[in-house]
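In: kindly return the folded structure for what I paste below:
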Amino acid sequence: MSENDLERSVRRLIAIEDIRQLKARYFRCVDLRLWEEFADLFTEDLVVDFAESTSDPKGKTEFLASVARHFRSGYSVHHGHIPEIDVVDDTSATAIWPMYDRVESPADSGYVSHEGWGHYTETYRKCDDGKWRICRSRLTRIQRNVLPKREEAADK
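Out: Here you go, the predicted model:
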């Protein structure tokens, strides 16, 4: 392996790890409602396609508002597993993430409690500040089971 090949391989592996960390922050920020940190995970020209979304957000601003509104209360857990990450070049990459989520919304929230699994198909861009960000995200479900609304505990 030549020195150039080695350098290219190391850059690719670093990019893959950076993208894994990016998606891990995505899941953590949603579940812990860390909206400022969450907002920094996306490019300004973000495109989302979550077919199940009732708000059908267009662009980053609408998407962030929709997610914050949906996860204002209740509980959620989001997991991403064994991604297939393809580093296209030094500034672009794609990935498919098998996922699982469980969202328990309060009875009066207007949102459906559910448990489901499927795949995120995403495109990433390495920005001028050296950080990878999500620029395109599509969620497709294999299964989505509606759960009964959870009642808020009276002893909170």
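
In: run through the neighbouring helices and strands of the strand or helix carrying S9.
Out: Per DSSP states H and E, S9 falls inside helix 3-32. Packed against helix 3-32 by the contact rule (3 or more CB pairs under 8 Å, 6 or more residues apart in numbering; DSSP states H and E) you find helix 35-39, strand 75-80, strand 84-89, strand 92-104, strand 114-126, strand 132-146. C-betas here are computed from N, CA, C, even on glycine.

In: make a markdown table from these and add distance to D56 and mean neighbour count to it.
Out: Listed next are those as a markdown table, based on distance: least, CB to CB, whole Å; neighbours: other CB atoms under 10 Å:
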| stretch | distance to D56 | mean neighbour count |
| --- | --- | --- |
| helix 35-39 | 19 | 14 |
| strand 75-80 | 20 | 16 |
| strand 84-89 | 27 | 14 |
| strand 92-104 | 18 | 18 |
| strand 114-126 | 17 | 18 |
| strand 132-146 | 13 | 16 |
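
In: quick check: buried residues in stretch 59-72?
Out: Residues of stretch 59-72 classed as buried: K60, F63, L64, S66, V67, H70, F71 (neighbour count, 16 or more other CB atoms under 10 Å).

In: which of the residues you listed lies closest to G116?
Out: Ranked by distance to G116 (CB to CB), these are led by H70 at 14.2 Å.

In: in this structure, which segments are predicted with low confidence?
Out: Counting by pLDDT under 70, the chain shows low-confidence ranges at 53-55, 150-156.

In: from the centroid of it, which residue is nearest?
Out: Here the mean C-alpha position of the chain is nearest to the C-alpha of Y26 (CA atoms, centre = their mean), at a distance of 4.8 Å.

In: A51 versus that residue, what's the distance?
Out: Going from Y26 to A51 by CB to CB, to the nearest Å gives 19 Å.

In: wait, what's in contact with the nearest residue to T123 once chain neighbours are set aside?
Out: Distance criterion CB to CB, 6 or more residues apart in numbering; nearest residue to T123, sequence neighbours excluded, is R136 at 3.9 Å. Residues in contact with R136 (CB atoms under 8 Å, 6 or more residues apart in numbering) are L46, V47, V48, E122, T123.
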